[in-house]
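Novice: sharing a model that was predicted from the sequence below.
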Amino acid sequence: MQIYNTLTKKIEEFIPNDSNNVKMYTCGPTVYHFAHIGNMRNYIGHDILEKTLLYLGYNVTRAMNITDVGHLTSDSDSGEDKMEVARKRENKSSMEIAKFYTDAFFRDFKKLNCKMPEIVSPATENIDMYIKMIEKLIEDEYAYISGGNIYFDISKLKDYYKLTNHKIDEMVVGARDSVEKDNKKKNQADFALWFTTSKFEGHELLWDSPWGKGYPGWHIECSGISIKYLGEYLDIHGGGVDNIFPHHTNEIAQSESYLGHKWCNYWFHNEHLLDESGKMSKSNGAILTVSVLEDEGYDPLAFRFMCLNSHYRKQLTFTYDSLKQAQDTLNKLRNKISNLNNDGEINQEVFDKYNNSFKNIISDDLNTANAITLLYDLLKDSDVNDKTKLELISNFDRVFGVDLIKEEEIDDELKKYIEEKIEERKQAKIDKNFELADKIREELLSKNIEIKDTREGTIYSIVK
Ligand code: AMP
Ligand code: ZN
């Protein structure tokens with residue numbers, strides 16, 4: 001697979017550290033509010049990346065954090081903890097806020113057909129790991145204690161800015177709005193690893209540490225969770241482009257100083273979703289969420305389809321007109337596909353030809369828009385029989401994830417009937433009454449219900 005690497009600023013061949021096994025880390029949401037569809041564009045991008053790797057035959061172990069403490073209102077060290085802002089706004093505990101918005105996030109995540117990473121870990125559950133890392137960073141003189149807080153000393157690194165195009169003088173106070181002069185820091189671009197003192201009183205979540213009661217900085221959370229669950233060598237790590245600086249720059253600094261070697265080979269960044277007024281943000285008044293799109297009558301997958309039609313490294317402006325267009329196109333595609341006939345044989349040669357083209361296109365820096373063009377070419381190709389088309393489309397949709405082949409709706413009554421029959425057949429098999437078991441299978445088949453015995457139990461599908 002060819003992929004753009006922010007670290008080298010080039011499209012490169014993707015070569016994992018351990019042959020076929022990929023370790024992937026995604027920066028998770030800060031759960032102080034609903035995730036907007038801009039955030040979700042980022043997770044769709046990561047989902048496409050993971051599913052492309054799976055399609056190409058890699059094994060992927062992916063971890064994602066949930067930021068439930070330590071992310072201040074600026075991405076640097078100024079402002080209040082976003083969770084504290086939410087706690088005061090909603091008059092609830094931080095943990096209640098975190099649970100509520102984490103659940104809401106994963107509801108939207110699933111509606112967008114995003115695959116759950118194997119490891120999802122809230123920042124508050126890994127405090128020991130951050131303390132262990134910070135202790136070593138202090139011991140090795142990469143970090144220092146000042147005014148009760150622990151800071152990373154960026155002057156200890158020759159290549160602190162290697163991920164970003166920022167120059168040190170651009171970071172001078174005043175050059176960026178988000179940087180506030182902090183007298184506790186040796187260098188103004190140093191960043192906090194642990195806070196015991198802050199401008200804001202009454203931080204709810206505090207943990208004991210060798211430096212007093214306090215809480216971790218946002219950046220150390222992702223390094224800690226990634227190293228704890230995925231080990232010392234990471235293949236690919238990503239987020240939105242706003243994460244390049246300071247978040248990922250700081251993650252590299254502290255992880256590599258802690259580990260004593262290079263940490264992650266590929267850095268993957270998704271461009272932003274904009275609205276007509278600019279970058280979408282959670283603090284910009286009304287939040288445009290997946291539920292809002294649903295309330296307006298749209299299928300969340302129409303939004304996913306809209307994202308697939310543009311490249312992940314290009315900004316995309318959201319309008320309801322473009323969403324409507326995506327919804328109409330997706331409906332037409334699904335309609336066309338539902339008219340394909342599932343009878344006949346798969347033509348293996350044709351299957352391989354299209355499948356290889358799909359793999360080549362999608363491994364060209366995740367060119368989803370061209371992969372959709374290939375889907376149209378396939379649908380138009382009169383030399384390909386329907387059965388082969390359906391098989392290819394169902395494979396392509398493992399990456400697209402837009403339900404191109406809609407499962408037939410099964411009503412509750414039918415579901416109950418099938419489940420009872422499956423139970424009856426199970427009992428017949430236990431009783432060694434195979435005649436009855438076969439009869440039940442045939443009875444179901446006569447109603448177009450096909451059952452299959454798998455390691456996970458008996459599953460069923462409606463045959464057309
Ligand atoms: P947050 O919940 O604020 O920590 O953000 C979650 C993820 O969404 C981060 O990786 C951000 O880089 C990403 N993100 C934030 N705003 C946008 C946007 N407008 N478009 C795309 N991604 C975004
Ligand atoms: Zn992160």
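Specialist: Received, thanks. Numbering: from 1, shown residues only. Ligands and ions are numbered 1, 2, ... in the order given.

Novice: domain parsing of the protein, as residue ranges.
Specialist: Following automatic domain parsing, one gets these domains for the chain: 2-274, 319-400, 412-462.

Novice: first vs last residue of the longest one, how far apart are they?
Specialist: Right, the one you point to is domain 2-274. In domain 2-274, first residue to last residue: 27 Å (CA to CA, to the nearest Å).

Novice: that one and ligand 2, any residue contact?
Specialist: Yes. Using CB under 5 Å from the ion, domain 2-274 reaches ligand 2 at 27, 222. C-beta here means a position set from N, CA and C on the backbone, and glycine is covered the same way.

Novice: what average pLDDT does that domain get?
Specialist: Averaging pLDDT along domain 2-274 gives 93.

Novice: close to ligand 1, is that domain?
Specialist: Yes. With CB under 6 Å from any ligand atom as the criterion, ligand 1 is reached by domain 2-274 at 27, 29-30, 38-39, 41-42, 67, 239-240, 242-243, 270, 272-273.

Novice: and the helices in the stretch 351-464 of the chain?
Specialist: With DSSP state H, counting those that start in this stretch, the ranges of helices along the stretch 351-464 of the chain come out as 368-380, 386-400, 412-430, 434-446.

Novice: most tightly packed of these?
Specialist: Most buried of the helices of the stretch 351-464 of the chain, by mean neighbour count (mean count of other CB atoms under 10 Å): helix 386-400, with a mean of 19.

Novice: hmm, who's touching that helix?
Specialist: Residues outside helix 386-400 that contact it (CB atoms under 8 Å, 6 or more residues apart in numbering): 48, 51-52, 54-55, 305, 308, 337, 340-347, 350-351, 354-355, 358, 362, 368, 371-372, 374-375, 378-379, 381, 384, 403-405.

Novice: which single residue of the stretch 201-350 of the chain ends up nearest ligand 1?
Specialist: residue 240 (2.2 Å; CB to the nearest ligand atom).

Novice: name the element the closest residue to that residue other than its chain neighbours belongs to?
Specialist: Of all residues not flanking residue 240 in the chain, residue 42 sits nearest, at 4.6 Å (CB to CB, 6 or more residues apart in numbering). For residue 42, the host element (DSSP states H and E) is helix 37-55.

Novice: following that helix, which helix or strand comes up?
Specialist: strand 59-66.

Novice: residue 311 is in contact with residue 368, correct?
Specialist: Yes. Counting by CB atoms under 8 Å, residue 311 is a contact partner of residue 368 at 7.4 Å.

Novice: tell me the secondary structure for the closest residue to residue 140 other than its chain neighbours?
Specialist: Distance criterion CB to CB, 6+ apart; nearest residue to residue 140, sequence neighbours excluded, is residue 257 at 6.9 Å. Applying DSSP: H, G, I helix; E, B strand; the rest coil to residue 257 yields a three-state assignment of helix.

Novice: do residue 184 as well
Specialist: coil.

Novice: that one: neighbouring residues, count only.
Specialist: 15 (other CB atoms under 10 Å).

Novice: now do residue 349
Specialist: Residue 349, neighbours per other CB under 10 Å, totals 8.

Novice: and the strand or helix carrying it with helix 386-400, angle?
Specialist: Assigned by DSSP H and E, residue 349 falls within helix 348-362. Counting by axes from the mean of the first three to the mean of the last three CA atoms, to 10 degrees, helix 348-362 lies at 20 degrees to helix 386-400.

Novice: gap between helix 348-362 and the chain center?
Specialist: Centroid separation for helix 348-362 versus its chain: 26 Å, with CA atoms, centre = their mean, to the nearest Å.

Novice: avg pLDDT for it?
Specialist: The model assigns helix 348-362 a mean pLDDT of 98.

Novice: please identify the buried residues of that helix?
Specialist: 350, 351, 354, 355, 357, 358, 359, 361, 362 (16 or more other CB atoms under 10 Å).

Novice: list the contacts for residue 49?
Specialist: Residue 49 neighbours (CB under 8 Å, 6+ apart): 3, 24, 236, 238, 268, 366.

Novice: can you give me the neighbour number for the closest residue to residue 48 other than its chain neighbours?
Specialist: Distance criterion CB to CB, 6+ apart; nearest residue to residue 48, sequence neighbours excluded, is residue 366 at 5.7 Å. Residue 366: 25 surrounding residues under other CB under 10 Å.

Novice: could you do residue 99 as well?
Specialist: Residue 99 has 15 nearby residues by other CB under 10 Å.

Novice: now do residue 243
Specialist: 22.

Novice: list the contacts of it.
Specialist: 27, 269.
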